[in-house]
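Participant: got a structure for you, letters missing:
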């Protein structure tokens, strides 16, 4: 029985895969398995996986499946995992050699259900774009609701596998991490944070965060709706309404609106569905207490977009570019 299963979904990442797998096979924590799920790659990814499995037969567990997307590959990996604890690493990212050891020890020593490390967003050259750091310690989501305000990623965490007994990643949908992680928090008695930067997220040019496809962008409405419904079922929505409302502000009014405004000439009709959703669910969003936590740049974008001054947003980002 292994303690930790690391799930690595792979899809056409031959350029990055070796660096990712190198960082995993060098882990100082030894009682683990690395589940590599090839999600129908058509490049040289499988040959790379085969070479690592041959070199590390007791460590690398290789699976090949029909393409179903990131969420489907992660769910597949969860089913194959033998570990009591789970971790996710995207195949174009990499981690420090002691990431598993530090997170595992933190989880065990604090008797937590989930533990997180700091992470760094880098470009393909490894140059830092932005870092995300948390205050070290142990919290309960009801005691520290601000945990929901963090930019959510599945990959800088270790989880008790049992958290996934009744939850999984939504297949065929974007914002899969925002959808699931904020539900998992509610199931945790304790969540622990370490003060170490262990995960390196490579931002590629074809990232969803840079993509302006309208169907993908509309998925954010469904993502927020799924959180509303989940928290209502758990009887927790009233306690967390302001945090979920701020998620909407951050992800829709600021980020999604900005991408659409900068990609299309006329946006009024495009944003109608968003405004209908916002007005129906968060009519008092302008009074949200977390607005003051925004940086001045994001607060400026929020002000312009919330007052439908879209042309100013477009000018601001043209000047930035």
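Facilitator: Sure thing, it's come through. Computed from a predicted structure; not experimentally measured. Residues are numbered from 1 along each chain as shown.

Participant: just the helices in the stretch 1-150 of the chain please.
Facilitator: 17-25, 45-55, 70-80, 99-110 (DSSP state H, counting those that start in this stretch).

Participant: same list (those) but as TSV, adding mean pLDDT, mean neighbour count and distance to residue 153.
Facilitator: Glycine gets a C-beta too; all of them are placed from N, C-alpha and C. Formatted as TSV, those follow (pLDDT from 0 to 100; neighbours: other CB atoms under 10 Å; distance: least, CB to CB, whole Å):
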stretch	mean pLDDT	mean neighbour count	distance to residue 153
helix 17-25	97	19	15
helix 45-55	97	16	22
helix 70-80	97	20	12
helix 99-110	98	20	14
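
Participant: with adjacent residues omitted, what lies nearest to residue 245?
Facilitator: residue 282 (4.8 Å; CB to CB, 6 or more residues apart in numbering).

Participant: the one you found contacts residue 243, doesn't it?
Facilitator: No - counting by CB atoms under 8 Å, residue 282 stays clear of residue 243, with 11.8 Å between them.

Participant: quick check: residue 123 touching residue 129?
Facilitator: Yes - in this structure, residue 123 is within contact of residue 129 by CB under 8 Å, at 6.0 Å.

Participant: joint contacts of those two?
Facilitator: residue 203 (CB atoms under 8 Å, 6 or more residues apart in numbering).

Participant: so which residue is dead centre in the protein?
Facilitator: residue 153 (2.1 Å; CA atoms, centre = their mean).

Participant: the closest residue in space to that residue that isn't next to it in sequence: neighbour count?
Facilitator: Leaving aside its sequence neighbours, residue 153 sits nearest to residue 177 (CB to CB, 6+ apart; 5.3 Å). Counted with other CB atoms under 10 Å, the neighbours of residue 177 add up to 19.

Participant: check contacts around residue 177.
Facilitator: Residues near residue 177 by CB under 8 Å, 6+ apart: 152-154.
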